[in-house]
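Engineer: any chance you can model this:
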Amino acid sequence: MNYLYYDNINNFGDDLNTWLWPKIFKRDKIANCNNTPYFLGIGSILNKPFVERHNLTSNVKKYIFGAGVSGFNANIYEIMDTTWDIRFLRGPLSSIVLGNKHKYITDAAYAIRQINIFEEIKNTKKKYKVSIMPHFKSVRYIDWQSICSELGFHYISPIVKSDDVEFILSEISASEMLITEAMHGAILADIFRVPWHRFVYDIYRTDGAEYTEFKWNDWLYSIGMHKYDFIKFPYKKQRISNVIKMYTKGLVAIELWYCSKKQIIKKFKNIDNHNYFLSESSILQSIDERIEEQIFLLNQEVIHTSL
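Structural biologist: Have a look, this model is predicted:
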């Protein structure tokens, strides 16, 4: 199959796709390459721009396997036809946007629990009391490694290449607790039973609060955890444009929104153990059963189609 995802950046959550799906479906492409179906798994990729960029308006079949809608204004429902085979969506908000006509289970990353090496990664020896994983867009604004050093925490970078995915999974599993701005940091922590706490540093400014909260709550509702506490760092607006304005004769002005390193460290120090979260084991068991069934059904169809 042609696996589609956001592939223009080395973002951990997106790069899970190239690492995971060949392990699940045991093949990269079906024999008939001229009619090879598309597979949309991990990511908030159900939106009109993504569809148009990848020419998904063609007659080739599209399998949706746990992907999420990118917001209430995704404008994708109107361009879906019978070539869209929606096996399951990420969560109830995605289902609402698509007219409540399709079932949801949870984020497709939970399929990791079905692969042969899952238990080996899950049983990685604990090495870190607390790890921090920011969103990949936040790493350009602050030295998270330095913050971790001052706190005595372990830093896990969200910017990886596909070859590094398994290492990052092991790093999450080796943590007793995870503080994360990256949604798939929290998702993988939940998958490996590592209690997590969410924070928001810069993602509201770069991606927007509505988009960010839509995808987080789409997932959280799917695992029965839509009510939880997390850290929102206050931004202070600072003008840093004086020098730039001088050299550009007033043509360019830049303003930076930031939260100080001191504030971040203070907030992280004050996270109580009861403010780390995990989904209920009964919910996880139900997710495992439903995803296992969907993998079996799609594998059977892929095998039949390729004969």
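Engineer: what's the spacing between the nearest residue to Ser58 once chain neighbours are set aside and Leu46?
Structural biologist: The shortest distance from Ser58 to any residue other than its chain neighbours is 7.8 Å, reached at Thr83 (Cβ to Cβ, 6 or more residues apart in numbering). Placement of C-beta: from N, CA and C, glycine included. With distances defined as Cβ to Cβ, to the nearest Å, the gap from Thr83 to Leu46 amounts to 14 Å.
Engineer: give me the more crowded residue out of these two.
Structural biologist: Set side by side, Thr83 and Leu46 show more neighbours around Leu46, with 25 against 14, by other Cβ atoms under 10 Å.
Engineer: what is the end-to-end distance of stretch 157-176?
Structural biologist: For stretch 157-176, the first and last residues are 17 Å from each other (Cα to Cα, to the nearest Å).
Engineer: same deal with stretch 219-228?
Structural biologist: 13 Å.
Engineer: what does that stretch rub up against?
Structural biologist: 68, 90-93, 104-107, 183, 187, 190, 198, 217, 277, 279-280, 283-284, 287 (Cβ atoms under 8 Å, 6 or more residues apart in numbering).
Engineer: relative to Val69, how far out is the nearest residue in space to Met80 that is not next to it in sequence?
Structural biologist: Excluding its sequence neighbours, the residue lying closest to Met80 (Cβ to Cβ, 6+ apart) is Leu98, at 7.5 Å. Distance of Leu98 to Val69, given as Cβ to Cβ: 7 Å.
Engineer: same thing with Ser175?
Structural biologist: In this structure, Ser175 and Val69 are 30 Å apart, going by Cβ to Cβ.
Engineer: swap in Tyr63?
Structural biologist: Computed with Cβ to Cβ, the distance linking Tyr63 and Val69 is 16 Å.
Engineer: between those two, point out the one with more neighbours.
Structural biologist: In terms of neighbours (other Cβ under 10 Å), Val69 is the more surrounded of Tyr63 and Val69; the figures are 26 against 22.
Engineer: hang on, that one packs against Leu93?
Structural biologist: Yes: Val69 is within contact range of Leu93, at 7.1 Å (criterion: Cβ atoms under 8 Å).
Engineer: circling back: can you report how many residues lie near the residue nearest to Met80?
Structural biologist: One way to gauge burial is a neighbour count; for Leu98, by other Cβ under 10 Å, it gives 20.
Engineer: would you enumerate the residues in contact with it?
Structural biologist: By Cβ under 8 Å, 6+ apart, Leu98 lies in contact with Leu46, Val69, Ile76, Tyr77, Met80, Ile86, Leu89.
Engineer: if you set the cut-off to 10 Å instead, what comes out?
Structural biologist: Shown here is Leu98, whose contacts under the criterion Cβ atoms under 10 Å, 6 or more residues apart in numbering are Leu46, Ile64, Val69, Ala74, Ile76, Tyr77, Met80, Trp84, Ile86, Leu89, Tyr104.
Engineer: can you redo those as a markdown table with pLDDT, secondary structure and distance to Asp15?
Structural biologist: What follows is these, written out as a markdown table (pLDDT from 0 to 100; DSSP: H, G, I helix; E, B strand; the rest coil; distance: Cβ to Cβ, whole Å):
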| residue | pLDDT | secondary structure | distance to Asp15 |
| --- | --- | --- | --- |
| Leu46 | 94 | strand | 19 |
| Ile64 | 96 | strand | 20 |
| Val69 | 95 | strand | 21 |
| Ala74 | 75 | coil | 23 |
| Ile76 | 85 | coil | 23 |
| Tyr77 | 81 | helix | 28 |
| Met80 | 88 | coil | 26 |
| Trp84 | 93 | strand | 25 |
| Ile86 | 96 | strand | 24 |
| Leu89 | 97 | strand | 21 |
| Tyr104 | 98 | strand | 23 |
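Engineer: can I get these in CSV including distance to Ser58?
Structural biologist: CSV is the format used below for the contacts of Leu98 (distance: Cβ to Cβ, whole Å):
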residue, distance to Ser58
Leu46, 16
Ile64, 16
Val69, 21
Ala74, 19
Ile76, 15
Tyr77, 18
Met80, 13
Trp84, 12
Ile86, 17
Leu89, 22
Tyr104, 26
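Engineer: buried subset of these, written for PyMOL?
Structural biologist: The PyMOL selection below is limited to those of those classed as buried (16 or more other Cβ atoms under 10 Å):
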select buried, resi 46+64+69+74+76+80+84+86+89+104
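Engineer: quick one: which of the contacts of Leu98 is nearest Glu150?
Structural biologist: If you rank these by distance to Glu150 using Cβ to Cβ, Val69 comes first, at 39.2 Å.
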